[in-house]
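> just to be clear, the model below is a prediction. Sequence and coordinates:
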Amino acid sequence: MEGTMRAMVTVAPKKFELQQVPIPKCGPDEVLLKTLYAGVCGSDFPIYNKGLMIPGFPWIQGHEASTVVVEIGKDLVEPLSKQGVKVGSRVVGVTDGLGVRMHGCFAEYFIVNKINVAGAIVPLADNVNDLDGAVLECMMNAGIWYKKPNAQPGMKIVIIGAGIQGLGLVMTLKNKIENIEIAVVDYSPLRLYLAKQMGADHVFNPSVDGDPLDCIIKLWGNVEFRHHRGERVSGNADIVYECSGNTKAWTQAIEMCKIKGKMCSIGIYKEMAEINPLWILFKQVELLGGIDGDPFGPAADMAAGKLPVDKLVTHVFPLEEMEKAFEVAQDPLRAGKVLIKVDQSIPDYPYNKQD
């Protein structure tokens with residue numbers, strides 16, 4: 001495909017510039033996709049703010065998008081046809097390195113290469129609209145992580161941090177497992193409201209409700225264990241997912257677990273956490289890393305319209321207002337999921353909650 005396209009280019013830290021750039025060339029082992037809606041992700045902020053993780057400026061960011069297949073390289077026509085994908089198909093990209101090692105989807109067109117195609121091109125069902133499709137990529141992790149601690153019906157679960165991953169976990173757990181009780185901890189009233197919309201049974205805001213560990217102990221009781229330390233004893237949660245990236249919360253996540261409970265570490269941390277190893281030794285808490293598995297299965301499930309991802313979206317901005325979109329997206333008191341409308345021809349949807 002020849003010609004130029006609109007792209008929002010990060011030209012320097014905290015500086016976007018709308019440019020006309022060449023449409024990427026589609027090689028024999030690549031797919032050219034047209035961007036409909038793109039999602040703003042927390043991992044986009046270190047690139048935008050400090051230029052981290054990318055080869056250098058100028059750079060096109062973005063790795064979450066609903067798209068239409070424009071061109072398929074000759075080596076991929078047959079394997080993609082087996083997935084029901086052809087030119088004109090609506091698909092969602094689940095890619096590794098998009099927007100970081102290769103230019104991303106904050107542009108009218110972008111390339112997915114052979115390395116990513118096996119798990120990247122997921123057809124969207126007819127009952128999934130274009131805007132919802134753009135939310136699915138960021139939900140893949142929740143679709144994998146909820147399985148990691150092997151949650152079972154009747155369990156008591158804490159989710160610390162109600163960003164997109166925490167909210168995705170609430171949604172996924174409530175839709176996949178019967179009779180579970182979920183408590184969510186976050187400082188943002190908006191995100192706690194969204195957590196309730198997702199199905200959370202209890203929400204706690206530390207600035208209003210006090211120490212989260214006290215809240216969980218009051219909710220589900222103390223648990224004594226051999227050689228415990230301090231006035232408080234222990235929480236009684238079967239599983240705690242730590243999604244906030246706060247090191248104090250990481251420590252409290254272990255304290256919230258019951259004896260032989262499980263703590264799944266998902267957040268991205270900038271500092272070292274402090275923990276008394278005796279809490280692990282005597283409580284026998286099982287520590288689990290969150291990143292694992294193949295996202296294709298959860299992607300296909302979500303792309304079939306089985307989860308109400310539209311409830312996560314609070315703002316939609318046109319490509320031209322990317323700077324404002326990033327300002328809002330970085331404020332947890334104002335935003336849930338922020339999307340970018342890249343294709344000017346597609347409609348806005350009535351549940352746009354933009355302030």
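All right, it came through fine. Residues are numbered from 1 along each chain as shown.

> my guess is Ile216 meets Val158, correct?
Yes: counting by C-beta atoms under 8 Å, Ile216 does reach Val158; the two are 6.0 Å apart. Using the backbone N, CA and C atoms, a C-beta is placed for each residue, glycine as well.

> any common contacting residues for the two?
Shared contacts of Ile216 and Val158 (C-beta atoms under 8 Å, 6 or more residues apart in numbering): 183, 235, 237, 256.

> okay, the residues you listed in a markdown table with distance to Phe57, pLDDT and secondary structure next?
Shown next, in a markdown table, are these (distance: C-beta to C-beta, whole Å; pLDDT from 0 to 100; DSSP: H, G, I helix; E, B strand; the rest coil):
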| residue | distance to Phe57 | pLDDT | secondary structure |
| --- | --- | --- | --- |
| Ala183 | 43 | 98 | strand |
| Gly235 | 46 | 91 | coil |
| Ala237 | 44 | 97 | strand |
| Met256 | 42 | 95 | helix |
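
> report the two of those separated the most.
Using C-beta to C-beta, the two most remote members of these are Ala183 and Gly235, lying 9.9 Å apart.

> where do the helices of the stretch 1-150 of the chain begin and end?
With DSSP state H, counting those that start in this stretch as the criterion, the stretch 1-150 of the chain has helices at 44-50, 77-81, 114-120, 130-133, 136-145.

> least confident of those helices, on average?
When the helices of the stretch 1-150 of the chain are compared on average pLDDT, helix 114-120 comes out lowest at a mean of 64.

> distance check, Lys311 against Thr10.
As for Lys311, its distance to Thr10 is 30 Å (criterion: C-beta to C-beta, to the nearest Å).

> and these two? which has more neighbours close in?
The neighbour comparison of Lys311 against Thr10 (other C-beta atoms under 10 Å) goes to Thr10, with 26 against 18.

> list the contacts for the spatially closest residue to that one that is not a sequence neighbour?
In space, and not counting its chain neighbours, Thr10 is closest to Trp59: 5.0 Å by C-beta to C-beta, 6 or more residues apart in numbering. Trp59 makes contact with 9-10, 47, 103 under the criterion C-beta under 8 Å, 6+ apart.

> drop anything exposed from the residues you listed.
Neighbour-count burial (16 or more other C-beta atoms under 10 Å) applied to the contacts of Trp59 gives 9-10, 47, 103.
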